[in-house]
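>>> Quick check, what structure comes out for this input:
(chains A and B)
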Amino acid sequence: MLALPLAWLVIVYFGSLFVLLLSAFWDTDPFTAEIVHTFTLENFQKIIETQVYRDVAWRTIQMAVFVTIADIVLAFPIAYYMARVASRRRRNLLVVAVLLPLWANYLVKAYAWRTILSEGGVINCALEPFGLSFDGYSTVGLWLVFTYLWLPFMILPVYAGLERIPASLLEASADLGGRSFTTFRRVILPLAFPAVVAGSIFTFSLTLGDYIAPGLITSEQFIGTVIYNIRGQALPTAAAYSMVPIVVVIAYLLVARKLKAFESL
Amino acid sequence: MRERMRRQAVRTGLLALVGALAIVAAGCGGDDGGSSASIEGLGSSLEEIQEKAREEGQVNVVQWPGYAQLTKEFAEATGCTVNTKDGGSSDDMISLIQTGEYDGVSASGNASVRLMATGEVAPIDPELVPNFADVQEGIKNQDYNSLDGEPYGVPHGRGPNYLMFRTADVPEETDTWGVIWEDDQLAKYKGKISIYDDSIFIADAALYLKATQPDLGIENPYMLNEEQFNAAVDLLKKQAPNVGEYWPGDAAKQIQSFTNGDSVVGTTWPYQYVQLTGADPPVAVKALKPKEGTTGWSDTWMIYSQAANPNCMYLWMNHMISPEAQAAVAEGFGEAPVNLKACDLTKNPNHCDEFHADDESWWEDVYYWTTPAEDCADDDDSTTCKTQEDWKTAWTEIRG
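Here you go, the predicted structure:
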């Protein structure tokens, strides 16, 4: 029963990935930019040796790390409140509130943030009385936008992870003399950790691959925007460059598996 | 039992993978088709085309934002529904047409020469496009819309890339590109400069050098030798830290930033200028061709050589150079029509004068987009120029 859809998935998914991988080894005609089917490793050499590709990759990975950290810090208290403190009614309301932004179009949200971060936008309006200003169309601005965009993807797994912790464990900890902070540190945190790692898979990989928000918010380049920009003229180089996020994400997934993140998905 | 099922699933998966690779490998082999002169399924007379178009019922085109005009009227007259897909840059348009999903494209010179060279677009038979006779002779038979004397597609219109600024922030009498290139000006407008995000913008730097550093000997801003190219790239690298935004063919982004004052000066298409001054309330901006001249475009509607709806596409090309559609697009986008009969139909009776539709001397220092070529596109064998590929690589480095 499963064979047909599975076969379809494998052909479409692996097939296209394979074409992508393959085209990283082709050459292009310098005038028409048509792909020339001669084997070359030049594309990989180019992305390794050219300073700008290294800088951009490093910048993107840093961004992904900082976005993930910010999302963990923001998501954990919200998820904890939802899972362990709020009444059932309030919890349901919060789940809807977390999911609601996901129903709005991504582009609308990105453009809305352009307005918020603009020189005459809400943030600068609020800072003005204090004589401060904030350059919204910057790496920091983009960090805010990413943190906002991917926050639900962190809250939901952490919420699910926290909800799964049996209340009896917390009672046992209290019975054994654990104060609330000790219980949090030695019972809740270790049990919720795989869920946090699971959420970080989303925030990390989504940041790594996005090209729309960086293009709208900053003039800095990120992996996604570089691939988007060069794909028309230099598809093989773009394909070779797309190996960078693939490799980084695979490494990340391997670590996540070690940390048992998949069991809490 | 479960074990068996799983093994079977794995085997099916592997089989499918092998199958997929075989399909892919087969697909890689045979795409050296070259150009085909005649398009399959195209009617041989105007009547036949109209008849067949009714059966096709649709046409799918890649366009610059805002180009397709009077589509409803076109659909009513011909039975062809128009589906448009916007491209933001010439590279975009080439990738889109290469998908094979579209029947035609409004190609600028830096896309059209590449498309003709690869045979992805086909020559047209002017006899079957009645309005072709009304197109200005000076725009026909150029190297960006014909090959070996054969016309490829129909000219659409031409326009300049303007220097635009907010009059509240930049002196109104400004008439030089120096405001986005000179050190003191860059310092003044740091973080508020808006630049088109495409490697073709290197030509704008070269154009400024052509005027300010005659020693470099730049003649054509698209055909640059090593020294000229490096000078242009250096100029762009000096500009880069001061640029507030690069707009990637996404006109909405630039319109927004000029509206709220995040950008005060930059390079633009007349389209954004028309939108900004026509907004409610209008934004106080000025756009002009500076004294150094400017880059620009002369676009062509071309038909994909394996178009699925060639008859509708032929009618579409004819439609887009009709006086009515030409008038609508010339005013809507802000460009000069190529069919001067449109000049009597524009809402602003002076539109053609304002866009110098019939004034060749005005266009002398407008350099239409074209593709950089290694042979410098001249007959001199001793010269070599930077290729499109070099331009693209340099652009990534300029952006940093």
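>>> Report pLDDT for the closest residue to B:Ala122 other than its chain neighbours.
Spatial nearest neighbour of B:Ala122, excluding adjacent residues (C-beta to C-beta, 6 or more residues apart in numbering or on different chains): B:Ser305 at 4.1 Å. The way it works is simple: take the backbone N, C-alpha and C, and place the C-beta from them, glycine included. In this model, B:Ser305 is scored at 93, pLDDT.
>>> And for B:Thr371?
B:Thr371 is given a pLDDT of 88.
>>> picking that back up, do you know how far the residue nearest to B:Ala122 is from chain A?
14 Å (C-beta to the nearest C-beta, to the nearest Å).
>>> Okay, B:Thr383 and B:Glu374: tell me how far apart.
Distance from B:Thr383 to B:Glu374, counting by C-beta to C-beta, to the nearest Å: 10 Å.
>>> So which of these two has more stuff around it?
B:Glu374 (16 against 13; other C-beta atoms under 10 Å in any protein chain shown).
>>> That one contacts B:Met223, correct?
No. In this structure B:Glu374 lies outside contact range of B:Met223 using C-beta atoms under 8 Å: 9.6 Å.
>>> Burial check on the residue in the stretch 1-150 of chain B positioned nearest to chain A, number of neighbours?
Of all residues in the stretch 1-150 of chain B, B:Asp91 sits closest to chain A, at 2.6 Å by C-beta to the nearest C-beta. A count of nearby residues for B:Asp91, using other C-beta under 10 Å, gives 26.
>>> And for the one 3 residues further on?
By the measure other C-beta under 10 Å, the count of residues near B:Ile94 is 25.
>>> show me what contacts it?
A:Ala33, A:Gly232, B:Ala111, B:Arg114, B:Leu115, B:Glu120 (C-beta atoms under 8 Å, 6 or more residues apart in numbering or on different chains).
>>> Excluding chain neighbours, what is closest to B:Asp344?
Using C-beta to C-beta, 6+ apart, the nearest residue to B:Asp344 is B:Pro323, at 7.4 Å.
>>> for the one you found, what are its contacts?
Contacts of B:Pro323 by C-beta under 8 Å, 6+ apart are B:Asp134, B:Asn339, B:Lys341, B:Ala342, B:Asp344, B:Leu345.
>>> quick one: strands adjacent to the helix or strand where B:Trp301 lies?
Using DSSP states H and E, B:Trp301 maps to strand B:294-304. When pairing is defined by DSSP bridges, strand B:294-304 lines up against strand B:104-107 (antiparallel), strand B:121-122 (antiparallel), strand B:154-160 (antiparallel), strand B:366-368 (parallel).
>>> from the chain's centre, how far out does the helix or strand that it is followed by sit?
Downstream of strand B:294-304, the next assigned helix or strand under DSSP H and E is helix B:310-320. Here helix B:310-320 is found 19 Å from its chain centre; the criterion is C-alpha atoms, centre = their mean, to the nearest Å.
>>> again, but for stretch B:95-114
Centroid separation between stretch B:95-114 and its chain, computed with C-alpha atoms, centre = their mean, is 9 Å.
>>> for it, which positions count as buried?
B:95-98, B:102-114 (16 or more other C-beta atoms under 10 Å in any protein chain shown).
>>> swap in stretch B:223-243?
B:223-224, B:228-229, B:231-233, B:235-236, B:239-240, B:242-243.
>>> Please say whether there is contact between that stretch and chain A.
Yes. Among the residues of stretch B:223-243, B:Val243 lie within reach of chain A under C-beta under 8 Å from any C-beta of the partner chain.
>>> can you list contacts of that stretch?
For stretch B:223-243, contacts defined as C-beta under 8 Å, 6+ apart pick out A:219, B:180-181, B:183, B:186-187, B:189-191, B:193-195, B:201-203, B:205-206, B:208-209, B:213, B:216-218, B:372-373, B:376-378, B:383-386, B:390, B:394, B:397-400.
>>> Quick one: residues contacting A:Arg89.
A:Arg89 neighbours (C-beta under 8 Å, 6+ apart): none.
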